[in-house]
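Colleague: turn this into a model:
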Amino acid sequence: MARLCRAPEACGAAFGVGGGPLSGAQAVATVHRRGHVGMINISHFAEFDGEGPDAAELLEYICVATAGGDTPVGKGIYTHFLDAKGGVRADLTVLRLGQDHYRVIDGADAGHRDLTWIRRLAQDRGANVNVTDTTTQYG
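Modeller: Model prediction:
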């Protein structure tokens with residue numbers, strides 16, 4: 001049975017070169033490499049789904065990393081949205097839930113802004129994709 005540690009260092013938590021804690025993704029990778037399971041609470045994040053025949057094409061247009069193409073269903077991709085000047089607009093995770101179904105997990109503070117931006121891009125590009133806010137659907 002797993003135990004809850006009040007002092008993460010005592011339980012083998014890894015710290016980055018700069019002395020600070022690892023990011024959530026780095027911590028999960030570290031735990032995985034050690035043969036254990038990790039969990040990160042993302043309930044405070046914004047989540048929205050993109051579904052439809054043009055969902056992959058739209059995400060390929062706005063994501064730095066490949067989310068469509070031969071990305072297998074069930075895979076999560078850490079990526080960025082870039083603005084028109086190439087600056088980072090958001091860092092987030094995109095999950096491929098089906099051939100034409102994706103979920104974006106975005107920071108809570110930027111979620112509504114990015115949801116609105118994606119909907120506008122879809123409309124401007126004439127994309128056949130339904131973008132739905134699913135943040136409150138899972139508790």
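Colleague: roughly how far does the residue nearest to residue 122 when sequence neighbours are not counted sit from residue 53?
Modeller: With C-beta to C-beta, 6 or more residues apart in numbering as the criterion, residue 122 has its nearest non-adjacent residue at 5.1 Å, and that residue is residue 129. Just so you know, the C-beta spots here come from the backbone N, C-alpha and C atoms, and that holds for glycine as well. For residue 129, the distance to residue 53 (C-beta to C-beta, to the nearest Å) stands at 8 Å.
Colleague: got it, and residue 111?
Modeller: Residue 111 is 25 Å from residue 53, by C-beta to C-beta.
Colleague: before we move on, back to that, ok, the residue nearest to residue 122 - contacts?
Modeller: 50-55, 58, 122 (C-beta atoms under 8 Å, 6 or more residues apart in numbering).
Colleague: likewise for residue 66?
Modeller: Contacts of residue 66 (C-beta under 8 Å, 6+ apart): 60, 77.
Colleague: tell me the contacts of residue 67?
Modeller: The contact partners of residue 67, by C-beta under 8 Å, 6+ apart, come to 56, 59-60, 77, 79, 94, 96, 102.
Colleague: quick one: low-confidence ranges for the protein?
Modeller: 1-41, 139 (pLDDT under 70).
Colleague: partner residues bridging residue 80?
Modeller: residue 91 (DSSP bridges).
Colleague: give me the neighbour count for it.
Modeller: Neighbourhood size, residue 80 [other C-beta atoms under 10 Å]: 14.
Colleague: quick one: it from residue 98, how far?
Modeller: With distances taken as C-beta to C-beta, residue 80 is found 23 Å from residue 98.
Colleague: with residue 106 instead?
Modeller: 20 Å.
Colleague: how close does residue 131 sit to residue 115?
Modeller: 7 Å.
Colleague: now do residue 56
Modeller: Counting by C-beta to C-beta, the gap from residue 56 to residue 115 is 18 Å.
Colleague: what do you get for residue 129?
Modeller: 13 Å.
Colleague: thinking residue 48 is in contact with residue 103, fair?
Modeller: Yes: taking contacts as C-beta atoms under 8 Å, residue 48 lies within contact range of residue 103: 7.3 Å.
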